[in-house]
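1. Show me how the following folds:
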Amino acid sequence: MDNFDWGNFLFQVVIYWLFFKLGQASIIHKVSKAVIASLEKKGIDVQVDRNGELIFGVDEMILDIERVENQYFAYSDQGHFLGQGADFTGLFESLKKQYPDQHFRINAVESKFSEEEIKQMVKNAIEVFGDKQNAESQTRQ
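-> Next up is the predicted model:
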């Protein structure tokens, strides 16, 4: 054991550790690029702020919905008319047809609908824009 070179041993350990970390970094970089590309493909905007934090955003339009007699009308938050329907399903299908790649968020703060109407609105929005299983679980809550 007198001939064991500790300096050479430590040098090799450091080199192996550096290569290991470099491999980890390259894999993490590839995976993160693939995840960001997948999110952007689905319409989710991904940006990096000054601190290096990721900011996820979806370009969404805020809807104001009102009922006039037996018709429902949707307006943008700037007051532009977007569509109408005899019920929430008809209204949301009209919006989906007119704006197929647009994401919507309903302005519920200024809603003049009853709690039951809001539940129906949420259920119909999820049925039209999302999957029906998710709609059933949302309306039970």
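
2. Buried ones in the helix or strand hosting F11, by neighbour count?
-> Element membership of F11 [criterion: DSSP states H and E] is helix 6-41. Buried positions in helix 6-41, judged by neighbour count with 16 or more other C-beta atoms under 10 Å: I36. In short, each C-beta sits where N, CA and C put it, glycine included.

3. Verify the stated contact: E66 with F113.
-> No. Proximity of E66 to F113 does not meet the contact threshold set by C-beta atoms under 8 Å, at 9.0 Å.

4. what do the two both touch?
-> Residues touching both E66 and F113 (C-beta atoms under 8 Å, 6 or more residues apart in numbering): none.

5. hmm, back to that, now the element after the helix holding F11, going C-ward?
-> strand 44-48.

6. Give the partner strands of that following strand in its sheet and their orientations.
-> strand 54-58 (antiparallel) (DSSP bridges).

7. What's the first helix or strand after the partner strand?
-> strand 60-68.

8. What residues sit buried inside whichever helix or strand comes after that next one?
-> Heading C-terminal from strand 60-68, the first helix or strand you meet, by DSSP H and E, is strand 71-76. For strand 71-76, the neighbour count (16+ other C-beta under 10 Å) marks 72, 74-75 as buried.
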